[in-house]
Structures are given as structure tokens and as C-alpha cells.
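Trainee: Quick one: sequence plus predicted model below, questions after.
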Amino acid sequence: MLTIQGDSLSISLPGARLLVTAVGPAVPEIGRTPVPATSPVTFVVTFTHVTAPISLRRSAWVLVDENHQLHHPRVTAINGDPPPTQLRPGQTVSIKLHSVLPTGDGGLEWRPDGQRVIAAWDFNVEID
């Protein structure tokens, strides 16, 4: 499933359903000139309406820049602590993804099994 950042996706996994929303990237260098070639970025991903336990692996997240280069973000809890390793029924959990990306278009992918993309969001790293 592909959407734009900010939209929620209804996801069906074997034995579980949930809603996932990705927002971002937050870019701290907005308005900087000259426009830098890369910028630190942060995404917030929120999981809600979880119907069964779901493993939440840090390695399941991939960022793809407009040059088709893969980036593996650092994943934290909202407060910067280690993220949870599992989503539980009824929980709402948000995590942060941190990386440095080139300016331009990109995609955020969630691959819970480490291989197949289950959810993807388009985004743009804008500095100006």
C-alpha cells in the first residue's frame, strides 16, 4: 500500500490488523541558504487499533531517496529511549525514525518481515 505522509494505512497482517500513520520528515534546516545537499530528518510513525501482538523490529524500516539509495534509519521511542519490540492489542504507540537524507523526493517503507514492503509513504525533503 502506498500513500503520502500524514495519511493512515489500514494494514492486514497474518492474524492481525492495525492502522499506521507516518508523518514527516521534520527538517531542522528549513530556510537555510545555500540549500544543503543533505539534511537530518525525523519521521514519526504511529500505530493504532492493533488487534493482535505484532513484532516491531528496528530493521523493518527503510528510507529510499530519489537516487534509489537505501537508508536504514535510527529508530527510537518518542522520548529517545529504545523503541518497543512489540505492539500489543489496543495500544497506541509512536516511534521516531532518524536519518540524514539528500534533498528531494523519497519513500518510507515498512517491511515487517524484513523483505516485503507492507506499507509505504511518499515524502519530500524540502529545505527552502
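Mentor: Good, I have the coordinates. Since the model is a prediction, treat every value here as computed from it, not as a measurement.

Trainee: Who are the contact partners of residue 51?
Mentor: By C-beta atoms under 8 Å, 6 or more residues apart in numbering, the contact list for residue 51 reads 16-18, 89. For every residue, glycine as well, the C-beta is placed using N, CA and C.

Trainee: any idea how far it is from residue 45?
Mentor: In this structure, residue 51 and residue 45 are 18 Å apart, going by C-beta to C-beta, to the nearest Å.

Trainee: go on, residue 104?
Mentor: 21 Å.

Trainee: what pairs with residue 97 across the strands?
Mentor: Taking DSSP bridges as the rule, residue 97 bridges to residue 43, residue 75.

Trainee: burial of it, as a residue count?
Mentor: Residue 97 is flanked by 24 other residues according to other C-beta atoms under 10 Å.

Trainee: Name all residues that make contact with it.
Mentor: With contact set as C-beta under 8 Å, 6+ apart, residue 97 has these partners: 24, 42-45, 61, 63, 73-75, 108.

Trainee: Including pLDDT, distance to residue 85 and neighbour count, could the residues you listed go into TSV?
Mentor: What follows is these, written out as TSV (pLDDT from 0 to 100; distance: C-beta to C-beta, whole Å; neighbours: other C-beta atoms under 10 Å):
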residue	pLDDT	distance to residue 85	neighbour count
24	90	22	18
42	95	21	17
43	96	19	22
44	97	18	16
45	97	15	22
61	97	14	23
63	97	21	22
73	97	17	20
74	97	16	11
75	97	11	19
108	95	20	24
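
Trainee: How about residues contacting stretch 75-82?
Mentor: 44, 58, 61, 83-84, 94-98.
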